[in-house]
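Chemist: Take a look and give me a structure for this.
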Amino acid sequence: MLDLSAPAPKAKVIEGVTGPWEMVIGLEVHAQVATNAKLFSGASTQVGAEPNSQVSFIDAGMPGMLPVLNEGCVAQAVRTGLGLKAKINLRSAFDRKNYFYPDLPQGYQISQLFHPLVGEGEVRVEVSGGTRVVRIERIHLEQDAGKSIHDMDPAMSFVDLNRTGVALMEIVSRPDIRSPEEAAAYVSKLRQILRYLGTCDGDMQHGNLRADVNVSVCRPGAWEAFMAGDPSGLGTRCEIKNMNSLRFIQAAIEHEARRQIAILEDGGTITQETRLYDPARDETRSMRSKEEAHDYRYFPDPDLLPLEIDPAWVDDLAAALPELPDAKKARFIADFGLSDYDASVLTADTADAAFFEAVAQGRDGKMAANWVINDLFGRLKKDGRELADSPVSPAQLGGIIDLIQSGDISGKIAKDLFEIVYTEGGDPAAIVESRGMRQVTDTGAIEAAVDQVIADNPAQVEKARANPKLAGWFVGQVMKATGGKANPAAVNALVNARLGL
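Modeler: Next up, the predicted model:
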């Protein structure tokens, strides 16, 4: 059952002609395992190789070739299960799923229907209204298929078998998701966890992480009754295949739910089927009728013994897990005094978190977060650059913050210094010295500048004494006169003193 300490999901309600409807959504996420070799062969998993150049005799389904299980793939799946607080099944088994596609040369896919490697777990998702739990039903290992190519010749189709046999983790959720936005948040959080663990690179553009989305509609209260043990009010689900975009996942769910509602309100029934989403038309269309398990004639794979795992090996993997997103976020809030929002931004990616932590170490955490998020990330986004290509290192950004905190430069000078470091490079402290950018802190020099501005603007003095808010004008004039080098706090204090405010 769902964690009762977490808030109940807020279902998206669609008002139909005959009354309100709600969505019930479950996802099957296929995550390519981050390993150098395939699940049952030593063939490479490198992306971008020439077609059919990474195919072993096992992948090609040659007679007499026996699969050999890749222990690294098993370890990555176990680590994923541990990261999702799931049960690790110490005994699992592989089955053959039989179907005939040109890009499946064996004539079957090796998968785990009856005895998966990983059992029930959970993903905590941030949604409007707080954090709630989406239950994981299971995670199993299986082979990927190849790729059929239909647009290279008007009369022929081609097949690239490079992906054939690549290890996938199929991560199956319970039907706990109640809106398109929540579905996207779930996939995003799952992707984040996998990337922290290093078990999948999460590259949705190249299909390394893709989702099959199961959508049905029901009347309000039916899902709650289902959770209490009565599934009679739930609708028939349709599956939308191979979604590899968070935006398209949301759009496909929205369209499919409205399609089903229109059919039901017109007196029709929903056919359980597999559908595809067409983003150009923003619609789903039928692909094939939804198969049941018996259609695939599953049976235990006779070439693979049941997989038995040593509990001590699982314990070793658990002990070596990295700090995961939720724990890192909580630590950033506690150790660096960050807001929930800033901590979420900085822990979205492992590289972002590592960069920030290097900048913030031994410095003011809030100031470091502000410079990383607003100045560095903002500039990188403007230039279309990734953090890995940042021209400003953590040491350089930390050096700028050190100069601010020591009083050597003002915030305004720091902005100019950041621009120099970003475009030209160099050590911030050395740049300040060589270019005469050090902040003026000499009280006598600042007093002289303040006195001169006041003497030159008697009419403005009278206005400021009548309306103290106008004193800021004098501060600005003094900063301008000193080339922005005067200490702003000292200028402000002296202006107020001279004006008698």
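Chemist: mind giving me the domain split of this structure?
Modeler: Using automatic domain parsing, the domain ranges for the chain come out as 15-295+305-317, 443-499.
Chemist: So Pro391, which state does it fall into?
Modeler: Put simply, Pro391 is coil when judged by DSSP: H, G, I helix; E, B strand; the rest coil.
Chemist: Count the residues that sit near it.
Modeler: 15 (other C-beta atoms under 10 Å). For every residue, glycine as well, the C-beta is placed using N, CA and C.
Chemist: Could you find the closest non-adjacent residue to it?
Modeler: Of all residues beyond its chain neighbours, the one nearest Pro391 is Tyr422 (5.5 Å), with distances taken as C-beta to C-beta, 6 or more residues apart in numbering.
Chemist: which SSE is Ile270 in?
Modeler: Counting by DSSP states H and E, no helix or strand carries Ile270.
Chemist: Verify the contact between it and Cys238 for me.
Modeler: Yes - using C-beta atoms under 8 Å, Ile270 is in contact with Cys238, at 6.8 Å.
Chemist: on that earlier part again, quick one: closest of the domains of the chain to Arg379.
Modeler: Distance to Arg379, taken as C-beta to C-beta, is lowest for domain 443-499 among these, at 20.1 Å.
Chemist: out of the domains of the chain, nearest to Lys329?
Modeler: Closest approach to Lys329 among the domains of the chain (C-beta to C-beta): domain 15-295+305-317, 9.7 Å.
Chemist: so where's this structure uncertain?
Modeler: Where the chain drops to pLDDT under 70, the residues are 1-9, 129, 290-294, 440-443, 445.
Chemist: in the stretch 201-350 of the chain, which spans are strands?
Modeler: Assigned by DSSP state E, counting those that start in this stretch, the strands in the stretch 201-350 of the chain fall at 209-218, 238-243, 273-278, 283-289, 299-300, 307-308.
Chemist: Contacts for the second one, please.
Modeler: In this case it means strand 238-243. With C-beta atoms under 8 Å, 6 or more residues apart in numbering as the test, strand 238-243 has contacts from 207, 210-216, 249, 252-253, 256, 260, 270-277, 284, 287, 290.
Chemist: one more time with 6 Å
Modeler: If you take C-beta atoms under 6 Å, 6 or more residues apart in numbering as the criterion, strand 238-243 is touched by 210-215, 249, 252, 273-277, 284.
Chemist: got the angle for it vs strand 209-218?
Modeler: 160 degrees (axes from the mean of the first three to the mean of the last three C-alpha atoms, to 10 degrees).
Chemist: tell me how far strand 238-243 is from the chain's mean position?
Modeler: Chain-centre distance of strand 238-243: 20 Å, with C-alpha atoms, centre = their mean, to the nearest Å.
Chemist: gap between the closest residue in space to Thr236 that isn't next to it in sequence and Lys241?
Modeler: Nearest in space to Thr236, with sequence neighbours left out and distances taken as C-beta to C-beta, 6+ apart, is Ile270 at 4.1 Å. In this view, Ile270 and Lys241 are 17 Å apart by C-beta to C-beta, to the nearest Å.
Chemist: what do you get for Met437?
Modeler: Met437 is 58 Å from Lys241, by C-beta to C-beta.
Chemist: Which one's more surrounded, these two?
Modeler: Met437 (21 against 16).
Chemist: SS state for the more buried one?
Modeler: Applying three-state DSSP: Met437 is coil.
Chemist: Next, count neighbours for the closest residue to it other than its chain neighbours.
Modeler: Among residues not flanking Met437 along the chain, Ile413 sits closest, at 5.5 Å (C-beta to C-beta, 6+ apart). Neighbour count for Ile413, taken as other C-beta under 10 Å: 20.
Chemist: State the helix or strand in which Ile413 lies.
Modeler: Using DSSP H and E, Ile413 sits within helix 411-424.
Chemist: shouldn't Ile110 be in contact with Gln143?
Modeler: Yes - if you go by C-beta atoms under 6 Å, Ile110 and Gln143 touch, sitting 5.2 Å apart.
Chemist: that older thread, against which helices or strands is the helix holding Ile413 packed?
Modeler: On a contact count with 3 or more C-beta pairs under 6 Å, 6 or more residues apart in numbering; DSSP states H and E, helix 411-424 meets helix 394-405, helix 428-434.
Chemist: count of neighbours near the residue nearest to Thr236?
Modeler: 17.
Chemist: quick one on the thing from earlier: could you list the buried residues of the helix holding Ile413?
Modeler: For helix 411-424, the neighbour count (16 or more other C-beta atoms under 10 Å) marks Ile413, Ala414, Leu417, Phe418, Ile420, Val421, Tyr422 as buried.
Chemist: Check stretch 153-164 too.
Modeler: Val159, Asp160, Leu161, Asn162, Arg163, Thr164.
Chemist: Then stretch 305-322?
Modeler: Buried residues in stretch 305-322, defined by neighbour count with 16+ other C-beta under 10 Å: Leu307, Ile309, Val314, Leu317.
Chemist: got the contact list for the first one?
Modeler: When the contact criterion is C-beta under 6 Å, 6+ apart, the partners of Leu307 are Ser92.
Chemist: In contact with Val13, which residues are there?
Modeler: By C-beta under 6 Å, 6+ apart, the contact list for Val13 reads Pro20, Glu22.
Chemist: again with the one 10 residues further on
Modeler: Counting by C-beta under 6 Å, 6+ apart, Met23 touches Lys12, Val217, Ala257.
Chemist: of the residues you listed, closest to Leu387?
Modeler: When the contacts of Met23 are compared for distance to Leu387 (C-beta to C-beta), Lys12 wins out at 34.2 Å.
Chemist: how close does the residue nearest to the closest one when sequence neighbours are not counted sit to Gly233?
Modeler: Sequence neighbours aside, Ser179 is the residue nearest to Lys12 in space, at 3.8 Å (criterion: C-beta to C-beta, 6+ apart). Using C-beta to C-beta, one obtains 18 Å as the distance from Ser179 to Gly233.
Chemist: what do you get for Gly425?
Modeler: Taking C-beta to C-beta as the measure, Gly425 falls 64 Å from Gly233.
Chemist: Neighbour count: those two, which is higher?
Modeler: Gly233 (15 against 12).
Chemist: can you pull the contacts of that one?
Modeler: Counted by C-beta under 6 Å, 6+ apart, Gly233 has contacts Cys218, Ala222, Ala225.
Chemist: What distance do you get for it to Ala222?
Modeler: Applying C-beta to C-beta to Gly233 and Ala222 gives a distance of 3 Å.
Chemist: in the stretch 1-150 of the chain, which spans are helices?
Modeler: In the stretch 1-150 of the chain, the helices defined using DSSP state H, counting those that start in this stretch lie at 71-83.
Chemist: Check the stretch 151-300 of the chain too.
Modeler: Counting by DSSP H, counting those that start in this stretch, the helices of the stretch 151-300 of the chain are 180-197, 222-227, 246-265.
Chemist: Deepest-packed of the ones you listed, please.
Modeler: helix 180-197 (a mean of 22; mean count of other C-beta atoms under 10 Å).
Chemist: For that helix, which helices and strands make contact with it?
Modeler: Looks like helix 180-197 contacts helix 71-83, strand 121-127, helix 246-265 (3+ C-beta pairs under 6 Å, 6+ apart).
Chemist: Dump these into TSV; add distance to Arg331 as well.
Modeler: As requested, the helices and strands packed on helix 180-197 are arranged in TSV below (distance: least, C-beta to C-beta, whole Å):
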stretch	distance to Arg331
helix 71-83	17
strand 121-127	16
helix 246-265	27
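Chemist: of all the ones you listed, which lies closest to Pro300?
Modeler: The nearest among the helices and strands packed on helix 180-197, by C-beta to C-beta, is helix 71-83 at 17.5 Å.
Chemist: Apart from its neighbours in sequence, what residue is nearest Leu84?
Modeler: Closest to Leu84 by C-beta to C-beta, 6+ apart is Gly121, at 3.8 Å.
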